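K.L.:
Need the 3D shape of this:
(4 chains)
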Protein chains: 4
Amino acid sequence: MNAAIRAVVRKALHEGMEVYGVNYGFAGLVAGDIRKLTRRDVGDMIQRGGTFLYSARYPQFATEEGQLKGIEQLKRFGIEGLVVIGGDGSYRGAYALTKHGYPCVGVPGTIDNDIPGTDYTIGFDTTINTVLEALDRIRDTATSHIRTFVIEVMGRDAGDIALWSGVASGAEQIIIPEKEFDITEVADTIRVGREKGKKHSIIVLAEGVMDGQEFAEKLDAIDNFHVRVTVLGHVQRGGSPTARDRVLASQFGAKAVEALKDGHGGVCIGLDREEYVVRDIVDTLDNMKHKPNLDLYKLNEEISN
Amino acid sequence: MNAAIRAVVRKALHEGMEVYGVNYGFAGLVAGDIRKLTRRDVGDMIQRGGTFLYSARYPQFATEEGQLKGIEQLKRFGIEGLVVIGGDGSYRGAYALTKHGYPCVGVPGTIDNDIPGTDYTIGFDTTINTVLEALDRIRDTATSHIRTFVIEVMGRDAGDIALWSGVASGAEQIIIPEKEFDITEVADTIRVGREKGKKHSIIVLAEGVMDGQEFAEKLDAIDNFHVRVTVLGHVQRGGSPTARDRVLASQFGAKAVEALKDGHGGVCIGLDREEYVVRDIVDTLDNMKHKPNLDLYKLNEEISN
Amino acid sequence: MNAAIRAVVRKALHEGMEVYGVNYGFAGLVAGDIRKLTRRDVGDMIQRGGTFLYSARYPQFATEEGQLKGIEQLKRFGIEGLVVIGGDGSYRGAYALTKHGYPCVGVPGTIDNDIPGTDYTIGFDTTINTVLEALDRIRDTATSHIRTFVIEVMGRDAGDIALWSGVASGAEQIIIPEKEFDITEVADTIRVGREKGKKHSIIVLAEGVMDGQEFAEKLDAIDNFHVRVTVLGHVQRGGSPTARDRVLASQFGAKAVEALKDGHGGVCIGLDREEYVVRDIVDTLDNMKHKPNLDLYKLNEEISN
Amino acid sequence: MNAAIRAVVRKALHEGMEVYGVNYGFAGLVAGDIRKLTRRDVGDMIQRGGTFLYSARYPQFATEEGQLKGIEQLKRFGIEGLVVIGGDGSYRGAYALTKHGYPCVGVPGTIDNDIPGTDYTIGFDTTINTVLEALDRIRDTATSHIRTFVIEVMGRDAGDIALWSGVASGAEQIIIPEKEFDITEVADTIRVGREKGKKHSIIVLAEGVMDGQEFAEKLDAIDNFHVRVTVLGHVQRGGSPTARDRVLASQFGAKAVEALKDGHGGVCIGLDREEYVVRDIVDTLDNMKHKPNLDLYKLNEEISN
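P.N.:
Okay, the predicted model is just below:
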């Protein structure tokens, strides 16, 4: 996120604008927790994980009262446009403000990659590499001890993290919300692998499908696999972002400023087949749907076993 | 482990010995899963996590029958001495074989650092750095979102992993089996930190004390902390070893060969205040006790808050 | 590379083909250094840097004699099609064999990203992340000591590595073969930065432009910058590949097998705006040209200072 | 360094002291670039490379005039004792101030590990792991291409970095200032390795012995090895510190404060066989000498080939 904020600040200053930062997302917006940002405030920031503007859940922003209060605060500081970085909730807020006549631009930032209107989101590349490192380590153990592992990764609605990290790690099986699975077939695949002499079996499971522990119990009920479960949890967030995430975030941030400068509000930035695009945020939320790359699912079935 | 095996093989060949590897620990020993190892078998191995000789639990080795069968296999291959790398179970096995008159040398290899007779074990340095990376990442999130996190790390009997990774990450509190704690004081410390303006509170908990989830529930029962729990689990194992672990393993492996060459059996290798030592394995198991560095506990109380 | 080889082997076996590996590239091909590969030969390979089939320069393959000898060897093993992974030299070889009537498929593998007909090559993403880590470390020093650093990175003909790692690291200036530069302006930018209070100035220089030492001398001739030079060199290669590189390599490998299966020879695989494509290799080499993303150059000028 | 500064600040506050930070080392001391530090100034600092108090060379501090000016500044702020973190130059300065009657404590901080009176210095563990990563990557290339590599690492007077990273990476040869070498034997060892079927030969060279390029030329003059040279340079500094370095730095920082509190000036902190010690700084500089662990040199000769 810091790379995106840095780009927004620097690009805006480059365009001769003044820039303010809102701490703690919409909560801070309503509370007026707003401060001027200079070039130096975002110096030596690009490599840091997290966000130096902090983050907070704030369901109250769904009310018209909250939204109008937010706009009031922005006007009080003389701020004429807002860039919102985040996922679904951030986009809904940006959409609401735009409907009230205040120009907002959404920038897709979430590790799950599940935002419509863009091929990739800020954070996704970092997260799949973090998950990959964990999977590589687990394979060291799995190989040495000949075991079956179930690794629960993030992805409540979208299997992207499981798909990419699964293919990249050479996981034997990938279980995602977008694909039905049959626990008996999962068990059969493990057995066939063992007969072929496979030293380990690693199953990457998106949390949206089922709890890792529950999945392991279902497997062990079929055969005595002695499945080990690891829930990666919060370890998947944070960390110094990858090159691609920093480049993506920098581009997104700059494009968002360009959109505001061109008078666009109610839009969101996206990457569409390597091209940066600006789309209507309402249309994007209402009519577009994120789809994971299911070719990876098929590929993994063919080459992982 | 691979670095230690490499050192044993290379040092033994350097001394003009022949070397065999036993797959799957004592299980493979009894089954005769034994193969000759050459210089090249251990080439490009030093950087790999896990062990290329595999590993297995084998409680049956506690029986005299198993032990005698193991010695029979060793003799069948003309093997005159055995180096065993591992933790408590491995040492007990080495001790038993020695009592039956077969010379064994124990090398301390476990991520928990809880083996008597040595300051450090192979794997510990790698693990604390792996845990540290996870804690650094979690802090990125904790700082951005202002939350309390409980991170459960390995250490059934020993708090070493929690202590070292806790101090290194600047964790607010460290909970280990060697120190009593009072959940009310833990809660108070979080509250005081928040009042001082701390953005996050990270508590590193050794698994030997309590389950992470249980600990979190106790905390949340006192006050509404909304504690997040992460159980690092198997992610703590494996991975390419650190410089220090590879050097330690190489030294341990070479010393073990020297001990066998000098006619010592029934000994274990250790690092005692930067010096490599050879100790009686029985005496070590019976009379020495691993103690974590509790100065780190006191230090953390003084500088973490 | 190993991830691509693994995918070729597994996908081909999945399609019911037999697979052979050629060691040491075209040199091994001519020498007949060829061996059958099984599913297990490529197990636990996906995470390893380098290539387990080795690599070698072999300029003699430019001669018709070498090419015919290579085809002879392939026929001797009953091999009906060849997948060649590499850069320009590999493609030329694949093209030559195809002209002699032997079906070859080229897969783009080089860290420089400078192969026509594809947006990305295998190895590029890993390399920019490796370079980025080095740049992040150098910035730590640069910030602490207030210095100007010139970092020479790979890229004889293409500025891609410099561009991506430069933007990702927040480098103050990026010097690439595709863009003219004026050393006086470079010096001016450093001076302006210092006046603004910048603690450091990092210049990423593609080796194709000039030697790092030479560049530093030119700068120091203008003003007393005390420029420090680091030539990253071979450190940029190798290492465990990133998630994206492993996924890309897996897809490329599978597509190459599909192309051969469909009877295509003389083609190369590419990624074109997120879509996997199969192109004529002759046409690609003759008529397409790799172009770096120069939007990144402009972006960096706007947000890095 | 930041971990040490954090520990000094937090421990001193814990002891009821006030704490000031001096920017830019002795240069800032003389200039009075001094600021009060609070608990929060060192929050979220432990994981960062470099030093947030900056660093600078300042040879003028060798003069009595500079030293007295420095003491004047300290008194102006009401500061009663000084902790100096660094290498030889820092120690000399601390010694000089102490001779003028101002209490100073030296803390060993340098990546070279070449400070007398301590087994390890802050930064050494991080650096050998950074070098190790580079060596692991180079081996990937070396193995794939069958080449001889010379890697020049830091160490003007001390071979510690070369020794530890060399053993840890399984380098074929290690060349350090503390051991004579014969270039003909170096060449012979490479040749013998090749005859044994070794795929690569990696030579780690401490910069204090000779320039990497010069060494390579000497080797190539003997036989046509086509030696590749990599000078790691500034890449060896910076980066997030390892667990061990952070723990060491935290302990050193706290011990320094304890020494000042106990009325000790003119001392330096050290780690002596796992015990933290406080020594006379004059005696340490005059009569103690840093010695690398030459057992590692012998070990490597025995197991690396």
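K.L.:
relative orientation of the helix or strand where residue A:249 lies and helix C:243-261 in degrees?
P.N.:
Assigned by DSSP states H and E, residue A:249 belongs to helix A:243-261. Per axes from the mean of the first three to the mean of the last three C-alpha atoms, to 10 degrees, the angle that helix A:243-261 makes with helix C:243-261 is 100 degrees.
K.L.:
now helix A:243-261, how far from the centre of its chain.
P.N.:
Remark: helix A:243-261 is offset 16 Å from the chain centroid, using C-alpha atoms, centre = their mean, to the nearest Å.
K.L.:
What are the buried residues along the next helix or strand after that helix?
P.N.:
Using DSSP H and E, the helix or strand that directly follows helix A:243-261 along the chain is strand A:267-272. By 16 or more other C-beta atoms under 10 Å in any protein chain shown, the buried positions in strand A:267-272 come out as A:267-271. For every residue, glycine as well, the C-beta is placed using N, CA and C.
K.L.:
Can you verify residue A:299 is assigned to a helix?
P.N.:
Yes. Per DSSP: H, G, I helix; E, B strand; the rest coil, residue A:299 lies within a helix segment.
K.L.:
Which single residue in the stretch 201-305 of chain A comes nearest to chain B?
P.N.:
Using C-beta to the nearest C-beta, the closest approach of the stretch 201-305 of chain A to chain B is made by residue A:238 at 3.1 Å.
K.L.:
Report the contact partners of that residue.
P.N.:
Going by C-beta atoms under 8 Å, 6 or more residues apart in numbering or on different chains, residue A:238 touches A:49-50, B:136-141.
K.L.:
can you pick the most crowded of these?
P.N.:
residue B:138 (28 neighbours; other C-beta atoms under 10 Å in any protein chain shown).
K.L.:
For that one, give me its contacts.
P.N.:
A:234-235, A:237-238, B:149, B:151, B:202, B:230.
K.L.:
Give me the local confidence score for it.
P.N.:
If you check residue B:138, the pLDDT there is 93.
K.L.:
Likewise for residue A:58?
P.N.:
88.
K.L.:
can you check residue A:285 too?
P.N.:
89.
K.L.:
does it really touch residue A:94, like I thought?
P.N.:
No. Proximity of residue A:285 to residue A:94 does not meet the contact threshold set by C-beta atoms under 8 Å, at 9.5 Å.
K.L.:
ok, the two, which is more surrounded?
P.N.:
residue A:94 (28 against 19).
K.L.:
May I have the secondary structure class of the more buried one?
P.N.:
Residue A:94 ends up helix, using three-state DSSP.
K.L.:
pLDDT at it, what is it?
P.N.:
What the model reports as pLDDT for residue A:94 is 94.
K.L.:
which residues does it contact?
P.N.:
A:82, A:84, A:104-106, A:266, A:268, A:281.
K.L.:
Quick check: bridge partners of the closest residue to it other than its chain neighbours?
P.N.:
Excluding its sequence neighbours, the residue lying closest to residue A:94 (C-beta to C-beta, 6 or more residues apart in numbering or on different chains) is residue A:104, at 3.9 Å. Here residue A:104 shows beta-bridge partners residue A:82, assigned using DSSP bridges.
K.L.:
how many neighbours does residue A:104 have?
P.N.:
29.
K.L.:
Does it touch residue A:92 like I think?
P.N.:
No. Residue A:104 is not in contact with residue A:92 according to C-beta under 8 Å; the separation is 10.8 Å.
K.L.:
quick revisit: my reading is that the residue of the stretch 201-305 of chain A closest to chain B is in a helix; is that accurate?
P.N.:
No. According to three-state DSSP, residue A:238 belongs to no helix; its state is coil.
K.L.:
Just give the nearest non-adjacent residue to it, would you?
P.N.:
residue B:140 (3.1 Å).
K.L.:
That neighbour belongs to a strand?
P.N.:
No. Using three-state DSSP, the secondary structure at residue B:140 is helix, not a strand.
K.L.:
I'd say it and residue A:50 touch.
P.N.:
Yes. Under the criterion of C-beta under 8 Å, residue B:140 makes contact with residue A:50 at 3.6 Å.
K.L.:
Briefly note if the helix holding residue A:249 comes near chain B.
P.N.:
No. Using C-beta under 8 Å from any C-beta of the partner chain, helix A:243-261 never reaches chain B; the gap is at least 13.3 Å.
K.L.:
which of the residues in that helix are buried?
P.N.:
Buried-residue list, helix A:243-261, by 16+ other C-beta under 10 Å: A:243-260.
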